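Visitor: Sharing a sequence plus its predicted fold:
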Amino acid sequence: MKHTFIITFLILAFTAILASCGKRSPSAFRQVSPQEAITMMAEQEDYIILDVRTPEEFDSGHIAHAINIPNETISATPPELLPDKGQLILVYCRSGNRSKQASAKLAELGYTNIVEFGGVNHWPGELVTD
């Protein structure tokens with residue numbers, strides 16, 4: 001009887017380990033082109049455009065209606081400017097490197113609807129300096 005329990009336990013543990021191997025990482029986020037991001041902005045209503053460059057870079061020109069949370073400031077605490085973890089967040093930087101880093105960090109914090117679309121270097125629209 002004791003051996004049956006141990007064998008059953010080991011089979012269940014092994015099955016659980018195998019089942020978890022195929023699961024998608026919680027740090028996943030979608031990547032789209034700037035043009036796809038423009039389409040999403042036209043079709044969606046409740047979204048945030050997140051610029052993760054430095055404040056100086058943001059002030060020199062950013063996508064209209066974007067908010068600025070520098071990549072370097074995203075840590076273990078969810079940003080106050082992003083209270084809804086299910087809201088669509090469109091993330092960009094200058095070239096696409098920091099936006100990928102920031103998107104991964106936000107996903108790790110539990111944000112579930114993150115779309116990274118590269119950098120303003122490839123943005124086909126105008127930038128504002130409001």
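Guide: Sure, I can see it. Numbering: from 1, shown residues only.
Visitor: Low-confidence ranges, the protein, go.
Guide: Residues of the chain that meet the criterion pLDDT under 70 lie in 1-27.
Visitor: so where do the strands sit in it?
Guide: 30-31, 47-51, 67-68, 88-93, 114-119 (DSSP state E).
Visitor: Could you tell me which strands sit next to the last one in the sheet, and their orientation?
Guide: This points to strand 114-119. As defined by DSSP bridges, the strand partners of strand 114-119 come to strand 30-31 (parallel), strand 88-93 (parallel).
Visitor: Count the residues that sit near the residue nearest to Gly61 when sequence neighbours are not counted.
Guide: Counting by Cβ to Cβ, 6 or more residues apart in numbering, Gly61 lies nearest to Leu127, which is 3.6 Å off, once chain neighbours are set aside. Yep, even glycine has a C-beta here, placed from its N, CA and C like the rest. In terms of burial, Leu127 registers 12 neighbours under the definition other Cβ atoms under 10 Å.
Visitor: cool, Thr77 as well?
Guide: Counted with other Cβ under 10 Å, the neighbours of Thr77 add up to 8.
Visitor: Check the gap between the spatially most central residue of the chain and Ala28 for me.
Guide: Centroid-nearest residue in the chain: Ser103, 2.9 Å away (criterion: Cα atoms, centre = their mean). Counting by Cβ to Cβ, to the nearest Å, the gap between Ser103 and Ala28 amounts to 9 Å.
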